[in-house]
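[1] fold the following, please.
(one chain, ligands or ions: 1)
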Amino acid sequence: MLTLHKDDSRLDDVCAAAESACNGISGSHEWPVVVHPHFAVFKARGGSSVFGTTYALYLRDIDTIFVNSANFFALADDLKTAVLIHEVGHAYLHATKSQDTDCFAADIFACEHGQEDSIVKERSSLGDGYVDALALRGSPAAAREAFGVWFNQKRVGLI
Ligand SMILES: [Zn+2]
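    Sure, this is the predicted structure:
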């Protein structure tokens, strides 16, 4: 079960949607979701990923999800939900000490919780290799391997 503690009524609908979509996660988990106007301050703490969005992020050391008031609320409702569930994925993977806690793993978490259409649309700019790797998530080792191939090609500028 998932409970999100929000500090802003603009988060009511998206948090309710995320809680509902993630209701089946094992265990009982709760995280604060905080609206923040100045995401630039988080850069100094080091980015959580090489390709995370700036719409939202999860800060592991204080176990809190932040949404960026500068752009999050302008997103379409379904993308808002997908973005929030991606961050819930980071928090959940960290809490459950999963082997992989990066954005690819968080994207898989989001896909597994009803967000595949939005995630695929949002990540299509990363190339077919990334989307194809996500599609392999039923076989975690194969998905991780395909992601590794994509990541290395991107790292050296082939994508
Ligand atoms: Zn991420």
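
[2] biggest helix in the protein by residues?
    helix 77-95 (DSSP state H).

[3] average model confidence for it?
    On average, the pLDDT along helix 77-95 is 96.

[4] C-terminal to it, what's the next element?
    Toward the C-terminus, helix 77-95 is succeeded by helix 103-110 as the next helix or strand (DSSP states H and E).

[5] what's the mean pLDDT across that following helix?
    96.

[6] what does stretch 63-72 give?
    On average, stretch 63-72 scores 93.

[7] now do the same end-to-end measure for that stretch.
    By C-alpha to C-alpha, to the nearest Å, the extent of stretch 63-72 from end to end equals 20 Å.

[8] list the contacts of it.
    Stretch 63-72 is contacted by residues 4, 11, 31-37, 39, 42, 54-59, 80, 83-84, 87-88, 91, 94-95 when judged by C-beta atoms under 8 Å, 6 or more residues apart in numbering. Any C-beta I mention is one placed from the backbone N, CA and C, and that applies to glycine too.

[9] and those residues near the ion, which?
    Among the contacts of stretch 63-72, no residue lies close to the ion (C-beta under 5 Å from the ion).
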